[in-house]
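Participant: I'd like to go over a predicted model; first the sequence, then the structure.
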Amino acid sequence: MKIQKSFTLVLLVLLLYFFINTNGGLLKSINHNFKGSNQLDDDGIFPNGFHQSSCYSRYDTLLHKPQVTMPKPSPHFVSKLRSYEARHRMCAPYTDAYNRSVEALKSNMLGNMECNYIVWIPIDGLGNRMISLASTFLYALLTDRVLLVHPKDSISELFCEPFPQGSWLLPFDFPLLDRINGFHKESNESFEQLLRNSLIGHNETPQPYMYIHLYYDNYTKRFFCDEDHSNIRDVPWLFLLSNVYFTPSFISMESFKQELEAIFPNKETVFYLLARYLFHPTNEVWGLVRRFYEAYLSDADIKVGIQIRTFDFETGVFQDVFNQIVSCTMNERLLPRVYKQKQQNSIASNMKKTKIVVLSTSLSSDYFKELRKMYWEYDTTTGETVAIHQPSFEEHQATGNLNHDKKALAEMYLLSLSDKLVTSGSSTFGYVAQGLGGLTSWMILKSKDESSQYQPCRRVLSIEPCFHAPPNYDCKLGRESDTSINQPHLRRCVDGTHMGIKLVNN
């Protein structure tokens, strides 16, 4: 009997070993190339309370990229995240605190609520949504609010829940949901209208809720004025619609300046750290990333990402843009030059050749085909081999289409895994990719820009996204003014937006 029990125990151990090394191979394959899953929490920003199988990307998003060394997050940032998580846990949908706040909202009552909220309303493409959501989360950290996401967005199909023990999705039974969908800049509930009608400030009773409109260059610039902004502090519910990275304008606000300095001593890491914490692709999206990476990128000696974005109003620009890409990548030594004529055995076949793999992303297939044709038909002058791959060819942007957004998100993360990156001016898709990867990209200038014929691309000043339409408003004088001039951590963007600003590390 003892022998039989021992045999059974040995058999169970062998079966368990077999299971781990076969069925468990899924986890192995996920972690095979995306190394260091046990090291991801070394800097302390990731919360406990999640199961790895529910969101693989949370544990596998960081490749070892020795050429990119990012500063560690500050202890104050980590502390702010832990405090936020506790607040979110207490105030998340359907908690007692949330239910009390909703009941007060229904009855239009004000009181000393335990929780103040900011509800993010999505608009425009995925890149715009990600940079505006990151800015909104930072605003929640700075103002001790709880971030909730409007449920009309497909965000739950794209990203894992970022906060443990509490959803960030606004419930569909939220009492003002239908009204939120109709908010606009001129709505009676908007910050601008309330200011215009003198219904906030001057000892007026705080509003139970308020709408903040921060859409491109059509928004209330006084939102970034300390005195006017103080009228928002006691409003329990804020609803914010934005498609821009409005983080840089917080630097100019005295009420936030000291806290921002403590949270982000290095101003170039703001989006990088916020995105690392907030954005974790779902297992389905991460499967797209993993499979493409392992099939086409994992054996590269050098990975070069090229993100190409032309807009609908830019017609007949293919050849100009392609010439810019070739000039940029060759002049900056990102890709090798080719012989102008076909060579015969120009490179000894037994030489060890560096393999460069180019990841091309574009709505069009034309750039990919032309670049691949060039490196197929001609030898490189260095003897390096160049392979060109592109995951998708969507032809047109399909904003709000879930399958389109899944592919776009996967491509942003694939680009972020590049060693060197080329992006397109004014493209939020490119901003997100460089921010996720901690990369200072070479930016292709618009082909219609006169300077582009002399300088096809420029190196960006920092990995931060550009705020295309900053307020440029002097709060004290109440008039238009370039408020970035005297700010040591703000510089003009290089991508032809003229008035755009971005954060730099002094």
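Facilitator: Happy to help now that I have it.

Participant: Do a quick rundown of the helices in the stretch 201-350 of the chain.
Facilitator: For the stretch 201-350 of the chain, applying DSSP state H, counting those that start in this stretch gives helices covering 226-229, 254-263, 270-278, 283-292, 318-331.

Participant: And I356, its phi and psi?
Facilitator: Main-chain torsions, I356, degrees, to the nearest 10: phi -100, psi 130.

Participant: out of the helices of the stretch 201-350 of the chain, nearest to S74?
Facilitator: Among the helices of the stretch 201-350 of the chain, the nearest to S74 by C-beta to C-beta is helix 254-263 (6.2 Å). C-beta here means a position set from N, CA and C on the backbone, and glycine is covered the same way.

Participant: What is the burial count for C493?
Facilitator: Neighbour count for C493, taken as other C-beta atoms under 10 Å: 25.

Participant: contacting residues around the spatially closest residue to F429 that is not a sequence neighbour?
Facilitator: Spatial nearest neighbour of F429, chain neighbours left out: G127 (4.2 Å); criterion: C-beta to C-beta, 6 or more residues apart in numbering. Shown in contact with G127 (C-beta atoms under 8 Å, 6 or more residues apart in numbering): 408, 412, 427-432.

Participant: now these in a markdown table, with secondary structure?
Facilitator: Shown next, in a markdown table, are the contacts of G127 (DSSP: H, G, I helix; E, B strand; the rest coil):
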| residue | secondary structure |
| --- | --- |
| A408 | helix |
| M412 | helix |
| S427 | coil |
| T428 | helix |
| F429 | helix |
| G430 | helix |
| Y431 | helix |
| V432 | helix |
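
Participant: re the thing from before, also compute the angle for whichever strand or helix holds the residue nearest to F429 relative to helix 270-278, please.
Facilitator: Take DSSP states H and E as the rule and G127 turns out to sit in helix 126-143. Counting by axes from the mean of the first three to the mean of the last three C-alpha atoms, to 10 degrees, helix 126-143 lies at 90 degrees to helix 270-278.

Participant: Hmm, S154 and L402 touching each other?
Facilitator: Yes - if you go by C-beta atoms under 8 Å, L402 and S154 touch, sitting 4.9 Å apart.

Participant: More neighbours: which of the two?
Facilitator: Each of L402 and S154 has its neighbours counted (other C-beta under 10 Å); S154 has more, 16 against 11.

Participant: Check the spacing between the more buried one and D173 real quick.
Facilitator: Look at S154 and D173: by C-beta to C-beta, to the nearest Å, they are 19 Å apart.

Participant: OK, contacts around A387?
Facilitator: Going by C-beta under 8 Å, 6+ apart, A387 touches 296, 300, 355-358, 375.

Participant: Can you show me the strands along the stretch 301-450 of the chain?
Facilitator: 302-307, 355-361, 385-389, 420-424, 442-444 (DSSP state E, counting those that start in this stretch).

Participant: any residues touching the last one, and which ones?
Facilitator: This points to strand 442-444. Residues from elsewhere that reach strand 442-444 (C-beta under 8 Å, 6+ apart): 308, 321, 324-325, 328-329, 332, 334, 420-425, 430, 456-460, 494-495.

Participant: Buried ones only from those, please, as a ChimeraX command.
Facilitator: Remark: buried members of these, expressed as a ChimeraX selection using 16 or more other C-beta atoms under 10 Å:
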select :308,321,324,325,328,329,334,420,421,422,423,424,425,430,456,457,458,460,494,495
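
Participant: following the helix holding G127, which helix or strand comes up?
Facilitator: strand 146-149.

Participant: Please state the offset of that following strand from the chain centre?
Facilitator: Distance of strand 146-149 from its chain centroid, counting by C-alpha atoms, centre = their mean, to the nearest Å, is 17 Å.

Participant: go on, stretch 200-216?
Facilitator: Put simply, stretch 200-216 sits 28 Å off its chain's centre (C-alpha atoms, centre = their mean).

Participant: which of the residues in it are buried?
Facilitator: 200, 207-215.

Participant: what does stretch 227-242 give?
Facilitator: 228-229, 231-232, 235-242.

Participant: where's the dip in pLDDT among those residues?
Facilitator: The member of the buried residues of stretch 227-242 with the lowest pLDDT is N231, at 84.

Participant: Is that one in contact with I212, as I believe?
Facilitator: No - the pair N231 / I212 is not scored as a contact, 11.8 Å apart, by C-beta under 8 Å.

Participant: Need the distance between the two termini of stretch 189-198.
Facilitator: Start-to-end span of stretch 189-198 (C-alpha to C-alpha, to the nearest Å) is 12 Å.

Participant: Now do that stretch: everything it contacts.
Facilitator: 183-188, 199-201, 204, 207, 209-213, 220, 222-223, 228, 231-232, 239.

Participant: Tell me how far Y56 lies from P471.
Facilitator: Separation of Y56 from P471 (C-beta to C-beta): 40 Å.

Participant: What of L240?
Facilitator: 15 Å.

Participant: which residues does the nearest residue to G435 once chain neighbours are set aside contact?
Facilitator: Leaving aside its chain neighbours, G435 sits nearest to F271 (4.2 Å; criterion: C-beta to C-beta, 6+ apart). Residues in contact with F271, defined by C-beta under 8 Å, 6+ apart, are 131, 134, 245, 247, 431, 435, 463-465.

Participant: just checking, next helix/strand downstream of the least confident helix or strand in the chain by mean pLDDT?
Facilitator: Lowest on mean pLDDT, DSSP states H and E among the helices and strands of the chain sits helix 25-33, with a mean of 38. Using DSSP H and E, the helix or strand that follows helix 25-33 in sequence is helix 57-60.
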